[in-house]
Each structure stands twice: as structure tokens, then as C-alpha cells.
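> Sequence first, then the predicted structure:
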Amino acid sequence: MLQEIREKIEAEIENLMQELNVELPARIKTAMEHGDLRENAEFKAAKERQGFVEARLNHLTSRMTELSKIDVNEMPYDRVGFGSRVKIRDLGMEEDFTFTITAGDFIDLDAGQVSLASPIGRGLLGAREGEEVGIQLPVGERRYRVLELSTLPQQLEGKGG
């Protein structure tokens with residue numbers, strides 16, 4: 001999972017660097033050739049995009065730094081954390097949900113991924129299999145039971161789900 005996230009971030013960084021260093025300078029140069037920059041919408045749009053790309057690159061660089069600090073050997077073996085595959089039961093609705101806890105930028109509910117930064121991710125953090133947790137959601141508090149848990153260390157050993 002860590003390698004997959006690194007690859008996604010690296011690919012996005014590569015695309016943004018291409019845009020920042022090649023495409024945006026060309027757009028800015030073309031816009032500047034049109035004259036008065038105060039009323040030039042193309043110039044303003046390119047400069048705004050440039051600011052966004054620079055901010056996104058800074059964010060992605062810090063995410064790569066955070067990922068490099070993750071030590072799987074220091075992750076809890078029996079509690080929900082980053083990379084855990086979790087099956088929970090919504091005790092009020094009597095429904096089961098299965099998902100993987102991912103890093104903040106990688107949320108894909110269709111693929112069964114929930115961010116560690118989300119209310120459910122934060123609420124389940126540190127929970128053990130069989131444990132009940134109350135999680136405050138926008139619709140109110142919900143109670144969940146952890147039915148199955150496969151932590152990242154377990155998965156890497158080939159012992160988890």
C-alpha cells in the first residue's frame with residue numbers, strides 16, 4: 001500500500017512539474033503578447049493556475065516526507081491504523097462495511113477506501129477486533145463494532161485478510 005501511494009504521488013508530481021515548467025510558462029508568454037495584463041483574463045487564469053500548482057506541489061512533497069517516516073515495524077499489530085483492512089457493523093442500521101484505512105489524500109469509497117483523517121478513520125483508530133466504538137458523524141453519533149481486522153503488519157506477513 002505504501003508503494004502504491006508513493007507511485008501515485010510521484011506521478012502527480014511529475015505531471016505538475018511538466019505543467020509548471022513547460023505548459024504554464026508558454027501560456028503566460030502567449031498571454032503577455034496580447035498586451036495589457038490588467039485586463040487579460042488568459043494571463044490571470046494562467047497565474048492563478050501557477051499558484052495552485054505550486055501549492056499542490058508543496059503539499060505533495062510534504063506527503064512524501066510523511067510517508068518516508070512510516071515504519072511498519074512500529075505499527076500496532078492488533079489495532080486499527082494506517083493500511084488496516086476493516087470490516088465493521090453499523091449497530092443501528094445492522095449493515096456491514098468493509099474498507100481499507102488510507103492516507104488523507106487517497107479516498108476512494110467505490111474502491112473501499114476510507115481516509116485516516118475522516119471521522120470514521122479517526123474514530124476507528126486504535127480499535128481492536130470485537131470492540132465497539134462511537135463515532136460522531138454529520139448525521140449524528142453512530143455505533144460500530146469491528147468484526148474483522150487485518151493490520152498492515154499482518155498483511156505484509158501474509159497473515160491478514
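Received, thanks.
> care to break this structure down by domain?
2-69, 73-157 (automatic domain parsing).
> Now render those domains as CSV, adding mean pLDDT and mean neighbour count.
Quick note: C-beta positions are derived from backbone N, CA and C, even for glycine. Formatted as CSV, those follow (pLDDT from 0 to 100; neighbours: other C-beta atoms under 10 Å):
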stretch, mean pLDDT, mean neighbour count
domain 2-69, 87, 13
domain 73-157, 87, 16
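> tell me the contacts of the residue with the largest distance to the centre of the chain?
In the chain, counting by C-alpha atoms, centre = their mean, G35 sits farthest out from the average C-alpha position, at 41.8 Å. Applying C-beta atoms under 8 Å, 6 or more residues apart in numbering to G35 gives no contacts.
> Tell me how far it lies from R27.
In this view, G35 and R27 are 15 Å apart by C-beta to C-beta, to the nearest Å.
> Please apply the same query to R89.
For R89, the distance to R27 - C-beta to C-beta - is 52 Å.
> Please write out the alpha-carbon positions of stretch 2-14 in PDB.
Output in PDB follows, covering the C-alpha atoms of stretch 2-14 (Å, rounded to 0.1, in the frame of the first residue of the first chain):
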ATOM      1  CA  LEU A   2       2.800   2.500   0.800                       C
ATOM      2  CA  GLN A   3       4.500   1.800  -2.500                       C
ATOM      3  CA  GLU A   4       1.100   2.400  -4.400                       C
ATOM      4  CA  ILE A   5       0.600   5.700  -2.600                       C
ATOM      5  CA  ARG A   6       4.200   6.800  -3.300                       C
ATOM      6  CA  GLU A   7       3.700   5.900  -7.000                       C
ATOM      7  CA  LYS A   8       0.500   8.000  -7.200                       C
ATOM      8  CA  ILE A   9       2.100  11.000  -5.600                       C
ATOM      9  CA  GLU A  10       5.200  10.700  -7.800                       C
ATOM     10  CA  ALA A  11       3.100  10.500 -10.900                       C
ATOM     11  CA  GLU A  12       1.100  13.600  -9.900                       C
ATOM     12  CA  ILE A  13       4.300  15.500  -9.000                       C
ATOM     13  CA  GLU A  14       5.800  14.600 -12.400                       C
END
